[in-house]
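Undergrad: My questions concern the predicted model and sequence given below.
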Amino acid sequence: MQPTTQITADKTKGCTKGSASGHLPLMTPSKSELMSVLDAPIAVKLRVDALATPSQRVKVPRAFVLPCRSFPLLSLISILRRAVLSTAADAPAVSLPAPMSARKIGGSRTPGAARTARTSFAALAVAALIAGCASAPPTVSQGASTSAPATTAVPPVAQTPTTPIAPPKIIRPLKIGLALGGGAARGFAHVGVIKALEARGIHADIVVGTSAGSVVGAMYASGLNGFQLNRLASTMDEASISDWTMPFRSRGMLRGEALQSYVNKVLKDRTIEQMPRQLGIVATDLQSGAPILFRRGNTGQAVRASSSVPGVFEPVHIGSRDYVDGGLVAPVPAEYARQMGADFVIAVDISANPTAQATQGQFDILMQTFTIMGQSIKQYELEKNADIVIRPSLAKMGASDFQGRNRAILAGEEAVAKMWPEIQRKLAEAQSEAPKGMPQASR
């Protein structure tokens, strides 16, 4: 059997392993030529195994190193050819049995056979080299140690700069405040306004009332809806809130205790701070003339104080102070709705135009006086603090006309329907202007 020459390309300095093998006659490479490129990245180990006898094996003690990157392919072939054609002076001579074909001819190797062996060796060496260099060597960063493990470099990917995404704007629902003005029996119009607003999806978060507005406002803040208020107004008996006093022996014709009891009965004796909606009730300090906003305490008593028209009801004594009708200082309490935190204030003005107000009886004259005094105060407060002012048409209704309650309720509903486009527009503007998570500043 002929000797076997095996050429193996091992992974050295980052190059991929490759191998080639074949059967060819024995030859002797030039040691000096083979050792000239020891620093190249691929080592090709040549091992010739003579299968005849162990003593006839050829061993190459050093690695035969070929350059993978330093030389072109033709140069590599040239080096290999020079290596296999070198004389045996630089390497130990090896004597092996001749091929079987040579023995038959003459028993010794011929020059042609030697040339064939060298050519076959060169072809196998080139095949091993190509197999070893099949994968491109990885890129080594500048300054890195050559002894460190090689890593495959990932080519950089160009990324288009992206604009940072702004956090989503937190839209907090507006706090809607409802400011209900005074006007005695005309206050039934507040019920119609509340019904119409609720039918269109508007529910007040804050309710502030003056005089008759405090009566309706307290019941609305307790959780009653517009229809429940309408039913309550329809069944309300004027006599149930009238408690006459002895003439010339008191400071008013009515004590007002009946009104206080009626309100507390409807509210089940809940205090102002216990209401589901924020409630504020405006009255006037009789000694100083200053306005007072009740935010806690007996709801019926606060409503009684806010509705105590001087000369008609006795002043209400609370603590060490006396209080009378809040319409003297705040005919429509829009300012106090804003102070309580409302972002959007809907004011309801039920006061009459002085030119159309009847002045037949004593009570009518008194209410006309209130209307005249409150005109300038009301106009300033509404322009400064109200976003929407609803004015039901109540020209034909007097302050003491309790029989006209249904007309007043209907007038309130009609006033909301007439102003609804403007209410929608201003609500949208207020929502867009409101800073995220913060209430609007007072205007």
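TA: Arrived safely.

Undergrad: Quick check: next helix or strand after whichever strand or helix holds residue 230?
TA: Per DSSP states H and E: residue 230 is located in helix 226-235. Once helix 226-235 ends, the next helix or strand along the chain (criterion: DSSP H and E) is strand 252-254.

Undergrad: quick one: low-confidence ranges for the chain?
TA: 1-164, 166-172, 247-249, 356-360, 434-443 (pLDDT under 70).

Undergrad: so how many other residues sit close to residue 419?
TA: Under the neighbour criterion other Cβ atoms under 10 Å, residue 419 is assigned a count of 17. (Each C-beta comes from the backbone N, C-alpha and C, glycine too.)

Undergrad: give the contact list for the nearest residue to it once chain neighbours are set aside.
TA: Nearest residue to residue 419 in three dimensions, chain neighbours excluded: residue 390, at 6.0 Å (Cβ to Cβ, 6 or more residues apart in numbering). By Cβ atoms under 8 Å, 6 or more residues apart in numbering, the contact list for residue 390 reads 193, 346-349, 412, 415-416, 419.

Undergrad: how much space between residue 390 and residue 418?
TA: 9 Å (Cβ to Cβ, to the nearest Å).

Undergrad: Equivalent analysis for residue 430, please.
TA: Taking Cβ to Cβ, one finds residue 430 at 20 Å from residue 418.

Undergrad: out of those two, which sits in the busier spot?
TA: residue 430 (18 against 14).

Undergrad: Not counting its neighbours along the chain, what's nearest that one?
TA: The nearest residue in space to residue 430 (Cβ to Cβ, 6+ apart) is residue 344, at 4.9 Å.

Undergrad: Tell me, how many residues neighbour residue 387?
TA: Neighbours of residue 387 using other Cβ under 10 Å come to 24.

Undergrad: close enough to count as contact, it and residue 337?
TA: No - applying Cβ atoms under 8 Å as the test, residue 387 and residue 337 come out as separate, 10.1 Å apart.

Undergrad: got any residues that touch both of the two?
TA: Taking Cβ under 8 Å, 6+ apart as the criterion, residue 387 and residue 337 both touch residue 345.

Undergrad: List the buried residues for the helix holding residue 230?
TA: Judged by neighbour count using 16 or more other Cβ atoms under 10 Å, the buried positions of helix 226-235 are 226, 229-230, 233.

Undergrad: just stretch 400-415 next, same as before
TA: Residues 400-402, 404-405, 407-415 are the ones in stretch 400-415 that count as buried (16+ other Cβ under 10 Å).

Undergrad: how about those residues in TSV, adding distance to residue 250 and secondary structure?
TA: Shown next, in TSV, are the buried residues of stretch 400-415 (distance: Cβ to Cβ, whole Å; DSSP: H, G, I helix; E, B strand; the rest coil):
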residue	distance to residue 250	secondary structure
400	20	coil
401	26	coil
402	23	helix
404	29	helix
405	28	helix
407	33	helix
408	30	helix
409	33	helix
410	37	helix
411	35	helix
412	34	helix
413	39	helix
414	40	helix
415	38	helix
